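[1] Predicted structure and sequence below. I'll ask about it afterward.
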Amino acid sequence: MSDCLFCKIINKEIPSEIVYEDEFVLAFKDISPQAPAHVLIIPKTHIASAMELNEQNAEIVSKVFLAAGKIAKQLGIDKNGFRIVNNCGEDGGQTVGHLHFHMLGGRNLGWPPG
Ligand code: 5GP
Ligand code: ZN
């Protein structure tokens, strides 16, 4: 989608600090980190939110989690652990309309979240 912020990041029209990239997903540092490690993992195809996942495109979620394991090792947060969060829709706190998974680590995140 031409007017989507994260599609622009995928297309390198907007710079980002990329930490991982493969055929299916891109991962880059969140511009406003909420933990010492805060990465956004996104599908390279435009999917507006988790509500847009279906039988045809849902395999991308496994690609996201496969990437997450590699990124965790790369960032050194594999031992102590991390959290993966998807905000969906207005009440879920989603502000960018391109499916993304927050990967947070590097500190004890606590539970339940606020
Ligand atoms: P959401 O609130 O939709 O779940 O998460 C969107 C995230 O995107 C936020 O954590 C926000 O800091 C991040 N973000 C927004 N604009 C940019 C940007 O231009 N570059 C990067 N790297 N992150 C962004
Ligand atoms: Zn997009």
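    Sure thing, it's come through. Numbering: from 1, shown residues only. Ligands and ions are numbered 1, 2, ... in the order given.

[2] partners of the top strand by length along the chain, with directions?
    Longest strand of the chain, by residue count under DSSP state E: strand 37-43. According to DSSP bridges, strand 37-43 forms sheet pairs with strand 25-29 (antiparallel), strand 101-105 (antiparallel).

[3] contact partners of it?
    6, 9-10, 19-20, 24-30, 57, 60, 63-64, 67-68, 71, 75, 77, 82, 84, 98-106 (Cβ atoms under 8 Å, 6 or more residues apart in numbering). Just so you know, the C-beta spots here come from the backbone N, C-alpha and C atoms, and that holds for glycine as well.

[4] and ligand 2, which of those residues reach it?
    Contacts with ligand 2 within the contacts of strand 37-43, as defined by Cβ under 5 Å from the ion: Phe6, His98.

[5] Format the CA atom coordinates belonging to stretch 85-99 as PDB.
    Written as PDB, here are the backbone C-alpha positions of stretch 85-99 (Å, rounded to 0.1, in the frame of the first residue of the first chain):
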ATOM      1  CA  VAL A  85       2.700  -8.400  21.500                       C
ATOM      2  CA  ASN A  86       0.200  -7.600  18.800                       C
ATOM      3  CA  ASN A  87      -2.000  -4.600  19.300                       C
ATOM      4  CA  CYS A  88      -5.200  -5.000  17.200                       C
ATOM      5  CA  GLY A  89      -7.700  -2.200  16.600                       C
ATOM      6  CA  GLU A  90      -8.400   1.000  18.500                       C
ATOM      7  CA  ASP A  91      -9.000  -0.500  21.900                       C
ATOM      8  CA  GLY A  92      -6.000  -2.700  21.500                       C
ATOM      9  CA  GLY A  93      -3.800   0.400  21.000                       C
ATOM     10  CA  GLN A  94      -3.000  -0.200  17.300                       C
ATOM     11  CA  THR A  95      -1.800   3.000  15.700                       C
ATOM     12  CA  VAL A  96      -0.200   1.800  12.500                       C
ATOM     13  CA  GLY A  97      -2.500  -0.100  10.100                       C
ATOM     14  CA  HIS A  98       0.000  -2.700   9.000                       C
ATOM     15  CA  LEU A  99       0.200  -5.900  11.000                       C
END
